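Q: One predicted model, sequence on top.
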Amino acid sequence: MAATPEKPTPATPASPHRKVSRHRGEGQWAVGHFTPLNGNEQFKKDDDGLNVRARIETIYSKAGFDSIDPNDLRGRMRWWGLYTQRKPGIDGGRTAILEPEELDDKYFMLRVRIDGGRLTTEQLRVIGEISQEFARGTADITDRQNVQYHWIRIEDVPEIWNRLEAVGLSTTEACGDTPRVILGSPVAGIAEDEIIDGTPAVDEIHRRIVGNPDFSNLPRKFKSAISGSPLLDVAHEINDIAFVGVNHPEHGPGFDLWVGGGLSTNPKIGQRLGAWVPLDEVPDVYTGVISIFRDYGYRRLRTRARLKFLVADWGTEKFRRILEDDYLKRKLVDGPAPAQPVQTWRDHVGVHRQRDGRFYVGFAPRVGRVDGATLTRIAELAAAHGSGRLRTTVEQKMIVLDVTEDRIDSLVAGLEALDLRVKPSPFRRGTMACTGIEFCKLAIVETKKRGSTLIDELERRIPDFDQPITININGCPNACARIQVADIGLKGQLVLDDDGNQVEGFQVHLGGALGLEAGFGRKVRGLKVTSDELPDYIERVLGRFQKEREEDERFATWAARASAEALS
């Protein structure tokens, strides 16, 4: 949509007794508010973020870090998956008080987008080789099916792009105010119990939307998910848009449409529009919803610029009406809600039969942390055991597809030798962590190492614990690790220890859930735990859960009814 200047409003004489403020609106393009109301909207109006690639290739990669324009460095380069990473040695207490240029290191995080979590062994091998050659071995699996590098030099970015794109991968719009990676079921097209395979829709949306200037200037990020699995395996409840597999009693398999989910500091569970969408219409409906966001999304305040705020203000009835009348030009079919999943775990870890009689093998790294050498070895193992395909999951896990029965044991042994557990403990399986203070400029506390050592401690202290449990560790309030919807969600902050010293610690959220009665965890008043106390605290709470739980009661259900004393 072309931007046109907003018409000036005649000035109103000010009363000598009160200050008169002028309402500027919310910056919605559809109602004529095109004048940028903050710095982010201004740099996006000045130049499309997609255009920064040419400057990276022709100027910045040749002249070096110091040649980068600030609006490109901390803005438009995100459109190509690049964020500056945190300068080493800056403690969490200084995160909110330093200027951006003081926090910036001269290295980048680079995010490789993996739509639908789909990888070939050749693609994974290239990802691993890039990690070893250009990223000091770093390569984290994220909870959005991507892979993230660190320590990337601007001089190396064009060569990295060349290698990724040679095998069909990219970093296009992996970050920024753009349509981010499209989450897809990791077992799309292979699972025995699948309702419908959403892969064709993922591919068509990617073809239409990603890298398209019509959708490269959104109010904020736009997160998407498509899955036809009855396990509800893409965290659809917390995406801006989600298509969830359902069986319509008259029309058969299709998708239930959800909009307006998201976490961060103002979390909201997505809402059903009550519409059933057939597979071939998913791309059109997606385009309609993202267009509403582009045109009506709030651009005045970054803190209110996500789709969830528009959905909350409009309500689902108005949102659906505008989608149908103004964008699709037709009515959608009413449809049923998805059924509750039978299984509690939905990460696909373990050995499972495919619909073709072969098997897929899901395994758990530690909190998504792997390295280039390990990824290369995983690719080799998958290729040697008869599969050319792998998948990443939204739980920081990976899956090898198409394994014949006679090769399962050999593959499992090879993965276990790399400390990749096919039969992990509940703690290895259920613990996630964001990037944390090691590299993230927003973080306050360390997360990845903390999560890894926590797994070891809990396995040692409670070896017989056998209930599903999710422990999500986040380095700041922004909830990249989904703290509000974990059984035990840990939000990083600075706290006081017993001696009155300010140390790393966490605010605790208890009893959040997705899938089974999705909702946010409760915060016990005054409950904060230092990082060093974390194993003691979790051991204590899980012990009380085991003692007090009713038959077949989940942790989230127990935490909702437990006393504050039991949770402290």
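A: The structure has been received and is ready for your questions.
Q: CA atoms for contacts and neighbours, from now on please.
A: Noted.
Q: Going by residue numbers, what spans are helices in the stretch 401-550 of the chain?
A: For the stretch 401-550 of the chain, the helices defined by DSSP state H, counting those that start in this stretch cover 408-417, 426-430, 448-461, 534-548.
Q: Specify the local secondary structure of the residue lying closest to Lys221 once chain neighbours are set aside.
A: Residue nearest to Lys221 in three dimensions, not counting chain neighbours: Asp177, with 4.3 Å by Cα to Cα, 6 or more residues apart in numbering. Under the three-state scheme (DSSP: H, G, I helix; E, B strand; the rest coil), Asp177 adopts coil.
Q: got the contact list for Asp177?
A: 79, 216-222 (Cα atoms under 8 Å, 6 or more residues apart in numbering).
Q: of all these, which two lie farthest apart?
A: Comparing every pair within these by Cα to Cα identifies Trp79 and Pro219 as the most remote, at 13.4 Å.
Q: one step back: can you list the helices of the stretch 401-550 of the chain in JSON lines and add mean pLDDT, mean neighbour count and distance to Ile290?
A: Converted to JSON lines, the helices of the stretch 401-550 of the chain look like this (pLDDT from 0 to 100; neighbours: other Cα atoms under 10 Å; distance: least, Cα to Cα, whole Å):
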{"stretch": "helix 408-417", "mean pLDDT": "98", "mean neighbour count": "16", "distance to Ile290": "40"}
{"stretch": "helix 426-430", "mean pLDDT": "98", "mean neighbour count": "25", "distance to Ile290": "32"}
{"stretch": "helix 448-461", "mean pLDDT": "98", "mean neighbour count": "18", "distance to Ile290": "33"}
{"stretch": "helix 534-548", "mean pLDDT": "97", "mean neighbour count": "16", "distance to Ile290": "41"}
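Q: how about those helices, which one is nearest Ile241?
A: That would be helix 426-430 among the helices of the stretch 401-550 of the chain, by Cα to Cα, at 25.1 Å.
Q: Only alpha carbons, please: show the closest one as PDB.
A: The C-alpha trace of helix 426-430 is given here as PDB (Å, rounded to 0.1, in the frame of the first residue of the first chain):
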ATOM      1  CA  PRO A 426      11.100 -35.700  31.600                       C
ATOM      2  CA  PHE A 427      13.600 -32.900  32.500                       C
ATOM      3  CA  ARG A 428      15.700 -33.200  29.400                       C
ATOM      4  CA  ARG A 429      12.500 -33.600  27.300                       C
ATOM      5  CA  GLY A 430      10.600 -30.700  28.900                       C
END
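Q: So which of the contacts of Asp177 are in strands?
A: Within the contacts of Asp177, residues falling in strands by DSSP state E are Phe222.
Q: so which of the contacts of Asp177 comes closest to Ser61?
A: Using Cα to Cα, these come closest to Ser61 at Trp79, 16.4 Å.
Q: For the closest one, which non-adjacent residue is spatially closest?
A: Trp79's closest residue in space is Glu173 (Cα to Cα, 6+ apart), at 4.5 Å.
Q: Could you do Trp80 as well?
A: Nearest residue to Trp80 in three dimensions, chain neighbours excluded: Thr172, at 4.8 Å (Cα to Cα, 6+ apart).
Q: measure stretch 37-57 end to end?
A: With Cα to Cα, to the nearest Å as the measure, the first residue of stretch 37-57 is 31 Å from its last.
Q: Repeat that for stretch 555-568.
A: Stretch 555-568: ends 15 Å apart by Cα to Cα.
Q: before we move on, the earlier item: which among the helices of the stretch 401-550 of the chain is found nearest to Ile154?
A: Closest of the helices of the stretch 401-550 of the chain to Ile154 is helix 448-461, at 25.3 Å (criterion: Cα to Cα).
Q: Can you list the low-confidence ranges for the stretch 301-450 of the chain?
A: For the stretch 301-450 of the chain, applying pLDDT under 70 flags no range at all.
Q: check contacts around the residue most central in space within the chain.
A: Centroid-nearest residue in the chain, with Cα atoms, centre = their mean: Arg144, separated by 4.0 Å. Residues in contact with Arg144, defined by Cα under 8 Å, 6+ apart, are 181, 183, 393-396.
Q: Let's see that with 7 Å instead.
A: For Arg144, the contact set (Cα atoms under 7 Å, 6 or more residues apart in numbering) comprises 183, 394.
Q: what does His150 give?
A: 108-110, 135, 138.
Q: Apart from its chain neighbours, what residue comes closest to it?
A: Excluding the flanking residues, the one nearest His150 by Cα to Cα, 6+ apart is Met109, at 4.4 Å.
Q: Sheet-wise, list the partners of the host helix or strand of the one you found with their directions.
A: Following DSSP states H and E, the helix or strand that holds Met109 is strand 104-112. Within its sheet, strand 104-112 is paired with strand 82-86 (antiparallel), strand 147-152 (antiparallel), according to DSSP bridges.
Q: Just put those strands in JSON lines and tack on distance to Val508 and mean pLDDT.
A: Listed next are the strands paired with strand 104-112 as JSON lines, based on distance: least, Cα to Cα, whole Å; pLDDT from 0 to 100:
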{"stretch": "strand 82-86", "distance to Val508": "25", "mean pLDDT": "97"}
{"stretch": "strand 147-152", "distance to Val508": "27", "mean pLDDT": "98"}
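Q: Thanks again, I'm all set now.
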